[in-house]
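S.K.: quick one, what's the 3D model for this:
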Amino acid sequence: MSTLSVPAGAWEELRREARKLESEIDGKLEAYTKFASGPSGGMGVSDALLAGDSLDAQSADMEGLLQRLSDVSSAMGGAVSGGDARLHTLARHKDVLLEYTQAFRRVKNTVMANREHASL
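M.R.: Numbering: from 1, shown residues only. Presented below is the predicted three-dimensional model:
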């Protein structure tokens, strides 16, 4: 079993980065969800399809943020030792990543289904 050498302050820096990303993802996921549910409300089909470009950009941005959080979480794993109290913190960050990923996929699938329905 190999252990990665992580500088002393790396854990705190990674933890701060994870919290920053989680906060950013939370805000953008909320905006994405609202925007994704909005176009079908009072817009015609063509307007809703045009709004899809913005949804695609938001989706790509969310995917990038989720990947960065995953990378930070993996790096945090290298800073954890056996029975360290940091294991709980790492597990919580991984749980949050999973929750955000699932919520994003749910909204993205809804968007795709609405687009398919609008194009029929």
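
S.K.: from the contact counts, what lies against the strand or helix carrying Leu65?
M.R.: Applying DSSP states H and E as the criterion places Leu65 in helix 45-77. Contacts defined by 3 or more C-beta pairs under 8 Å, 6 or more residues apart in numbering; DSSP states H and E place helix 45-77 against helix 10-37, helix 39-42, helix 86-119. No exception for glycine: its C-beta is placed from N, CA and C like everyone else's.

S.K.: the nearest residue to Gln58 once chain neighbours are set aside and Leu87: what is the separation?
M.R.: Nearest residue to Gln58 in three dimensions, chain neighbours excluded: Tyr32, at 4.8 Å (C-beta to C-beta, 6 or more residues apart in numbering). The gap separating Tyr32 from Leu87 is 31 Å, by C-beta to C-beta, to the nearest Å.

S.K.: rewinding a little: tell me who's in contact with the residue nearest to Gln58.
M.R.: Leu55, Gln58, Ser59, Met62, Phe104, Val107 (C-beta atoms under 8 Å, 6 or more residues apart in numbering).
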